[in-house]
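Engineer: Give me the fold of what follows.
(one chain, ligands or ions: 1)
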Amino acid sequence: MSDSIIVFDKVKKAYGNFTVINELDFEVRRGEKVSIIGPSGSGKSTVLRILMTLEGINDGAVYVGGEPLWHELKNGSMMPATEKHLRKMRTQLGMVFQQFNLFPHMTVLRNLTEAPRVVLGLSKEEARRRAEELLELVGLVDHAHKFPAQLSGGQQQRVGIARALAMRPKIMLFDEPTSALDPELVGEVLNVIRRLAAEHDLTMLMVTHEMRFAREISDRVCFFDKGRIREEGTPEQLFSQPKEERTREFLKAVLDG
Ligand SMILES: Nc1ncnc2c1ncn2[C@@H]1O[C@H](COP(=O)(O)OP(=O)(O)OP(=O)(O)O)[C@@H](O)[C@H]1O
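Structural biologist: Numbering: from 1, shown residues only. This is a model prediction of the structure:
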């Protein structure tokens, strides 16, 4: 477990009678790039939302960086985490959403400097310097003073990536980052993620429908079905020699579609 930056230990998550995550055991090593694929409703996004502390769990435990995420150890017993603990833990993670989720009333620059200033207490100059470096990384230096509505979807998503990185997270979560984009804008966003994967030792966990991309950048691909990992392996193993019939069916449907 020591090398795992993310651990799900028999995690259960249900909405009423409907079990979304079913005794899930799942680990991600430091620096590993992992893709989660699987049918709609299989619980893929929920895994990311639990890590980002946007959804609680009903049973089991999640560890980030060796520390319980949804619990705190108090006098030797595991107690539900306080908001303070969740806030602290959240700083280790950055998330890129399907729908960008930028602050519409703030310029690109301010979208990038706001949280580092408010949450991390960075000075205005330091936050700006960090933002400018990241705009360089995502190729948007010339757009710093625009508002999100003045940008294309692909540009907005690149700002979304830069904004998450501005908090210097150890783990980046991507929730179908290209699925809201027009097809001709997908490539520019994938290029930024590709670059991040190649040049940084970030841990990356990505839910994606872009099978070719998952195959290219992942160290490991997990096929989710009914709130569990049905099959996992290297991209080569999972895409070229899937063992499970359910995985084969899914891949056939998405790759033919
Ligand atoms: N707040 C909620 N209340 C009730 N049901 C929910 C809620 N959030 C998600 N669900 C249900 O949980 C299931 C899993 O959702 P999740 O978004 O994790 O699936 P997914 O595998 O990411 O699917 P997709 O590929 O369609 O995004 C879905 O059936 C969804 O309808």
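Engineer: So the spatially most central residue of the chain, which state does it fall into?
Structural biologist: By C-alpha atoms, centre = their mean, the chain has its centre lying nearest to residue 173, at 1.1 Å. Here residue 173 is recorded as strand under DSSP: H, G, I helix; E, B strand; the rest coil.
Engineer: mind checking how far it is from residue 146?
Structural biologist: As judged by C-beta to C-beta, to the nearest Å, residue 173 and residue 146 stand 26 Å apart. From N, CA and C alone the C-beta is placed, and that goes for glycine too.
Engineer: now the stretch 151-257 of the chain, which segments are flagged as low pLDDT?
Structural biologist: Low-confidence segments of the stretch 151-257 of the chain (pLDDT under 70): 257.
Engineer: what residues does it put near the ligand?
Structural biologist: For the stretch 151-257 of the chain, the contact set with the ligand under C-beta under 6 Å from any ligand atom is empty.
Engineer: Show me where the stretch 151-257 of the chain has its helices.
Structural biologist: Secondary structure of the stretch 151-257 of the chain by DSSP state H, counting those that start in this stretch: the helices cover 153-165, 183-199, 211-217, 235, 245-256.
Engineer: Next, the contact list for residue 104, please.
Structural biologist: 147-149 (C-beta atoms under 8 Å, 6 or more residues apart in numbering).
Engineer: Which of the residues you listed are buried, as a PyMOL select command?
Structural biologist: Filtering the contacts of residue 104 down to the buried ones (16 or more other C-beta atoms under 10 Å) takes a single PyMOL command:
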select buried, resi 147+148
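Engineer: Now distance to the ligand, pLDDT and secondary structure too, for the contacts of residue 104, in JSON lines please.
Structural biologist: Below are the contacts of residue 104 laid out as JSON lines (distance: C-beta to the nearest ligand atom, whole Å; pLDDT from 0 to 100; DSSP: H, G, I helix; E, B strand; the rest coil):
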{"residue": "147", "distance to the ligand": "28", "pLDDT": "97", "secondary structure": "coil"}
{"residue": "148", "distance to the ligand": "23", "pLDDT": "97", "secondary structure": "helix"}
{"residue": "149", "distance to the ligand": "25", "pLDDT": "96", "secondary structure": "helix"}
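Engineer: Which residue does the stretch 51-200 of the chain have closest to the ligand?
Structural biologist: residue 176 (6.5 Å; C-beta to the nearest ligand atom).
Engineer: Might one say that that residue is in contact with residue 214?
Structural biologist: No - with contact defined as C-beta atoms under 8 Å, residue 176 and residue 214 do not form a contacting pair (11.3 Å).
Engineer: Compare the two (neighbour count), which wins?
Structural biologist: Taking other C-beta atoms under 10 Å, residue 176 and residue 214 do not tie; residue 214 has more neighbours (22 against 19).
Engineer: got the contact list for the more buried one?
Structural biologist: 35, 37, 206, 208, 221, 235.
Engineer: again with residue 176
Structural biologist: Each residue near residue 176 by C-beta under 8 Å, 6+ apart is listed here: 45, 98, 207-209.
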